[in-house]
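Q: Next one to model:
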Amino acid sequence: MGVHDAPQWLLSAFQRSAQGAGATATTEEIRDVGQALVDRWSAPGRDFHNLKHLVDVLVRVDELVEETHEPDLVRLAAWYHGAIFDSAERKAYANRGGEDEIASARLAVDELTRLGIPERATRRVHDLVVALVRHSPDPADFDCAVLCDADLAMLAAEPQRYKSYLHDVRAEYSHLPVEAYVRARLKILDKLLRRPSLFSSPLGAAWEEPARQNISAEKQRLEKELAKIDAEALAAQHAESAALEASDGAAAQAAVRASSGDR
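A: Okay, the predicted model is just below:
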């Protein structure tokens, strides 16, 4: 699926979720909001966190839907979880990966309120989106667990798809120098591997082993890449020092010769 290729069912799915959550707006008004979200997810610069990612998360939510209490609110939270995105800041990748969950949650409240969805429901969507900042849901909050698991499900993809995911993420942060990106990525991988579990829902637990295998393999590869970068940097420093010493030595010899000539 290309960035701008929205499946035919996508807007209808948003409409059903909004109406299921209690929207009183017209079908046209609901679909207009849905289309605006599609446009946000299709914006330039979203090589991974794009429309395809949104669809993947929605599909994963539906795979885990039997564990949810309010599935329409979980789906709406999925629609909004990365609606506002900016990969420009170098620090963004290591911290939140460019997705601004706080701003996205506020957008959800504003737009869903205009659609007539009750305050309790909009507040719940807000809280679900904000929970993705940490991906550490309360074990008793099944809806939050499902959303967090759906968002992280790509980590458990089969190897070739995981490789494509890594390519897209790197493209999304192509403005970062290689070393900065590798160090930031390793920071994220270490944080993930230190967690007792990556997935919180009972069904999502099946993704734990393949996800850890993917992450561990990527970490090993990046550590080798970083070691090579560090070795090249050290070699460059030594070469520069040697050149400076040679230059200083040549200058000293020239000074000695000049002094001898003066005598």
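Q: Spit out the contact partners of the nearest residue to Ile102 once chain neighbours are set aside.
A: Here the nearest residue to Ile102 in space, its sequence neighbours aside, is Val130; by Cβ to Cβ, 6 or more residues apart in numbering that works out to 6.4 Å. (Glycine included, C-beta is placed from N, CA and C.) Contact analysis of Val130 by Cβ atoms under 8 Å, 6 or more residues apart in numbering lists Glu101, Ile102, Ala105.
Q: In these, which residue is surrounded by the most others?
A: Ala105 (26 neighbours; other Cβ atoms under 10 Å).
Q: after the worst-scoring helix or strand of the chain on mean pLDDT comes which helix or strand?
A: For the chain, the helix or strand with the lowest mean confidence is helix 90-95, at a mean of 51 (criterion: mean pLDDT, DSSP states H and E). Following helix 90-95 in sequence order, the next helix or strand is helix 101-114 (DSSP states H and E).
Q: got the buried residues for that following helix?
A: The neighbour-count criterion (16 or more other Cβ atoms under 10 Å) identifies Glu101, Ser104, Ala105, Arg106, Leu107, Ala108, Val109, Glu111, Leu112 as the buried residues of helix 101-114.
Q: Please apply the same query to stretch 40-59.
A: 40-42, 45-58.
Q: what does stretch 116-132 give?
A: Neighbour counts over stretch 116-132 (16+ other Cβ under 10 Å) mark 116-117, 121-126, 128-132 as buried.
Q: related to what we said a few turns ago, in helices only, show me the buried residues of stretch 40-59.
A: Arg40, Trp41, Leu51, Lys52, His53, Leu54, Val55, Asp56, Val57, Leu58 (DSSP state H).
Q: Which pair in those residues has the greatest spatial separation?
A: Of all pairs drawn from those, the widest gap by Cβ to Cβ lies between Arg40 and Asp56 and measures 16.3 Å.
Q: Excluding sequence neighbours, find me the nearest residue to Val146.
A: Residue nearest to Val146 in three dimensions, not counting chain neighbours: Leu64, with 4.5 Å by Cβ to Cβ, 6+ apart.
Q: Understood, closing this out.
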